[in-house]
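1. This is a predicted model, with the sequence first.
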Amino acid sequence: MVSRTAGDAEPPPTSFTEEYFDRRYARAPDPWGLASRWYERRKYAITLASLPRERYRACFEPGCSIGELTRLLAPRCDRLLAVDFAEDAVRQARAAVRDLDHVEVRRSTLPAQLPDGPFDLVVVSEILYYLSRDDLDLMLDGLVGLLEAGGDLVAVHWRTTDPRHRYDGHDVHLAIEARGELERLVHHSDEQFVLDVFRRTGAA
């Protein structure tokens, strides 16, 4: 595992564009192997096991991609809103949850089109390191803002082993940890990914 320190990597100068993701899905329907790779299956299992509560009233999942994690979160939630801004990802995610009436999948541009809250669970996986510094700040402001007091924010992101591409889960989770409204409940870090569960404190 690459040794990391705070401030040793910078976010991209501009956020990755919708066109970038559309091109990835045009080349392959599951460009990151979300439905096939052991990394993803293991990460999903640890994510679900880390949820502090058995059931949640309302969950928001930004960047849902093809809906693999969405399908696994659904039995734990009374209502689940999942969004992505790649049209093909949204189409596949809708197909994955078509038999689940309490799950809605929308096409949204983030952080500009965050939904209205409140939610008592937000799960953000593998998307924050695609954002510029300004957009990351806006995204975190928005996610914390729509999370009700006592609600849980779950973040899980890849850790790089390539010193040429250092901005990763280590960095974006430090940005989340710096938020004064959040208290960390769970921390998992290994050579592949970092996972944190934060709870919103104070008044929403």
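-> That came through, no problem. Numbering: from 1, shown residues only.
2. count of neighbours near D116?
-> When neighbours are defined as other CB atoms under 10 Å, D116 has 7 of them. From N, CA and C alone the C-beta is placed, and that goes for glycine too.
3. That one contacts L146, doesn't it?
-> Yes. Here D116 reaches L146: they are 7.0 Å apart, a contact under CB atoms under 8 Å.
4. how near is Q92 to E104?
-> As judged by CB to CB, to the nearest Å, Q92 and E104 stand 15 Å apart.
5. Can you report phi and psi for V97?
-> phi -120, psi 20 (degrees, to the nearest 10).
6. for the residue nearest to it when sequence neighbours are not counted, what are its contacts?
-> Leaving aside its sequence neighbours, V97 sits nearest to V103 (CB to CB, 6 or more residues apart in numbering; 4.3 Å). The contact partners of V103, by CB atoms under 8 Å, 6 or more residues apart in numbering, come to 70, 74, 79-82, 97.
7. that older thread, more neighbours: which of Q92 and E104?
-> Per other CB under 10 Å, whichever of Q92 and E104 has more neighbours is Q92, with 22 against 14.
8. how about the CA coordinates for the lengthiest strand in the chain, as CSV?
-> Scanning the chain for the strand with the most residues, using DSSP state E, yields strand 147-158. The C-alpha trace of strand 147-158 is given here as CSV (Å, rounded to 0.1, in the frame of the first residue of the first chain):
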residue,chain,number,x,y,z
LEU,A,147,-28.8,14.5,5.9
GLU,A,148,-31.0,14.8,8.9
ALA,A,149,-29.7,15.0,12.5
GLY,A,150,-28.7,11.6,13.6
GLY,A,151,-28.5,10.4,10.0
ASP,A,152,-25.6,8.3,8.6
LEU,A,153,-23.2,9.2,5.8
VAL,A,154,-21.4,6.2,4.4
ALA,A,155,-18.4,6.9,2.1
VAL,A,156,-16.3,4.2,0.4
HIS,A,157,-13.6,4.9,-2.1
TRP,A,158,-10.7,3.1,-3.9
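9. Just checking: what are the partner strands of that strand?
-> Strand pairing for strand 147-158, using DSSP bridges, gives strand 119-125 (parallel), strand 193-200 (antiparallel).
10. buried residues in that strand?
-> Neighbour-count burial for strand 147-158 flags 147-148, 151-158 (criterion: 16 or more other CB atoms under 10 Å).
11. This structure: helices as residue ranges?
-> 18-27, 38-50, 68-73, 87-96, 133-146, 169-177 (DSSP state H).
12. From the contact counts, what lies against the first one?
-> This means helix 18-27. Counting contacts by 3 or more CB pairs under 8 Å, 6 or more residues apart in numbering; DSSP states H and E, helix 18-27 packs against helix 87-96.
13. swap in the fifth one?
-> When contacts are defined as 3+ CB pairs under 8 Å, 6+ apart, helix 133-146 sits against strand 56-62, strand 119-125, helix 169-177.
14. Ok, which of the ones you listed comes nearest D30?
-> Across the helices and strands packed on helix 133-146, D30 has its closest neighbour in strand 119-125 (15.0 Å, CB to CB).
15. Quick one: work out the angle between the closest one and helix 38-50.
-> Comparing the axes of strand 119-125 and helix 38-50 via axes from the mean of the first three to the mean of the last three CA atoms, to 10 degrees yields an angle of 160 degrees.
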